[in-house]
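Undergrad: Sharing a model that was predicted from the sequence below.
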Amino acid sequence: MRPTGKLHLGNYVGALQNWVSMQDQYQCYFCVADWHALTTDYADTSKVKENSLEVVLDWLAAGLDPERSVIFIQSHVPAHAELHLLFSMITPLGWLERVPTYKEQRDNIKDKDLSTYGFLGYPVLQSADILIYKADVVPVGEDQVAHVELTREVARRFNGFYGSTKPVFPEPQALLTPAAKLPGTDGRKMSKSYGNTILLTDPEPLVRQKLKTMVTDPARVRRSDPGNPDVCPVGDLHKIFSSKETMAKVNDGCRSAGIGCIECKGWAADALVQLLNPMQEKRKKFEENPHLAWDILEAGTERARKAAGETMNDVRASMGMSLAYEAPKVMQG
């Protein structure tokens, strides 16, 4: 994840919840992508380090386990940059210009100059982030599948040039992670840029206050009007976070106008608080002593550097650029 500060429920439902469960099946590497933050926010780096730590605190609070997974900050493992450089030598410009998110962000982000080498090349850095650990799978949503496909092409091209005896890199698969539709308080997709988020760190009174202002089914103008939870943003929250019993009450009460929206929102808030309270309790330990989290990052960095270093040894050897002395080949006359 890019370090944009404290995480919200959309981040949790879209990725973090799946990451926590994946630790049981895979050897996972979780990277705070601070160099990627610079691709769009290079003009002001004053918050990057602080935001990186905030992300890690939320990860640990949600259940990422440093005993089972490698948790680190991207820029603390310089091998990412070295592999990015080597990949940039062999990646055609056309591959980068056709990446969907490149065009989309160039068109939509008007307040920043994105005509930079770093922004165009960020998918190559992403490929290096993945392949430096010889990843077999990458958990992504639909919108990131194109990046994994580019990574596969980069791996294939590198292996084609330099993997004559055996491939240096695997071609990783996209592991599509299920992500429920999570609306923000205004009914649009939950996003910091819309100012409609519920943060994982929001205290209970704030969660309840935000839910009270949340938009509902527009058909329910009066308390006596029946509604439809399937077209209501609060109904979407219930589907993700509430129990079957609560969902049954919501379905029955909303469609028959037996409950009002305020009561329905209160039940949604109950479910959110039940999820967030344990996370916030766990987070408090790290907030009171942030160095604990930094120690975890340093330990993760050591593990990441070791794995990345082994990969770079393979890369250099395959390219005939190892760090070891090699005697000049004798020419035969």
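TA: Structure's in. What do you need? Owing to the predicted nature of the structure, the values given are computational and were not obtained by experimental measurement.
Undergrad: and the helix or strand of the chain with the lowest mean pLDDT, what does it pack onto?
TA: For the chain, using mean pLDDT, DSSP states H and E, the weakest element among its helices and strands is helix 100-108, scoring a mean of 81. Counting by 3 or more Cβ pairs under 8 Å, 6 or more residues apart in numbering; DSSP states H and E, the packing neighbours recorded for helix 100-108 are helix 117-120, helix 145-162. Placement of C-beta: from N, CA and C, glycine included.
Undergrad: any idea how far that helix is from the chain center?
TA: Its chain's C-alpha centre and that of helix 100-108 lie 18 Å apart, by Cα atoms, centre = their mean, to the nearest Å.
Undergrad: Please, which helix or strand holds Pro278?
TA: helix 261-288 (DSSP states H and E).
Undergrad: what do you get for Arg68?
TA: According to DSSP H and E, Arg68 maps onto no helix or strand at all.
Undergrad: burial count for it?
TA: If you count neighbours by other Cβ atoms under 10 Å, Arg68 ends up with 11.
Undergrad: surely it meets Gln25?
TA: No - the criterion here is Cβ atoms under 8 Å, and Arg68 misses it with Gln25 at 10.7 Å.
Undergrad: Which residues are in contact with each of those two?
TA: Common contact partners of Arg68 and Gln25 (Cβ atoms under 8 Å, 6 or more residues apart in numbering): none.
Undergrad: hmm, back to that, I'd like the helices and strands packed on helix 100-108 as CSV, with mean neighbour count, distance to Gly63 and mean pLDDT appended.
TA: As requested, those are exported to CSV (neighbours: other Cβ atoms under 10 Å; distance: least, Cβ to Cβ, whole Å; pLDDT from 0 to 100):
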stretch, mean neighbour count, distance to Gly63, mean pLDDT
helix 117-120, 15, 33, 95
helix 145-162, 18, 25, 97
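Undergrad: Turn those into TSV, columns for distance to Lys189.
TA: Rendered in TSV, the data for the helices and strands packed on helix 100-108 read as follows (distance: least, Cβ to Cβ, whole Å):
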stretch	distance to Lys189
helix 117-120	23
helix 145-162	18
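Undergrad: And Pro218, what's its pLDDT?
TA: Predicted confidence (pLDDT) at Pro218: the value is 89.
Undergrad: Please report how far it lies from Gln144.
TA: Here the criterion is Cβ to Cβ, to the nearest Å. By it, Pro218 lies 33 Å from Gln144.
Undergrad: between the two, who's got more neighbours?
TA: Set Pro218 next to Gln144 and count neighbours by other Cβ under 10 Å: Gln144 wins out with 18 against 10.
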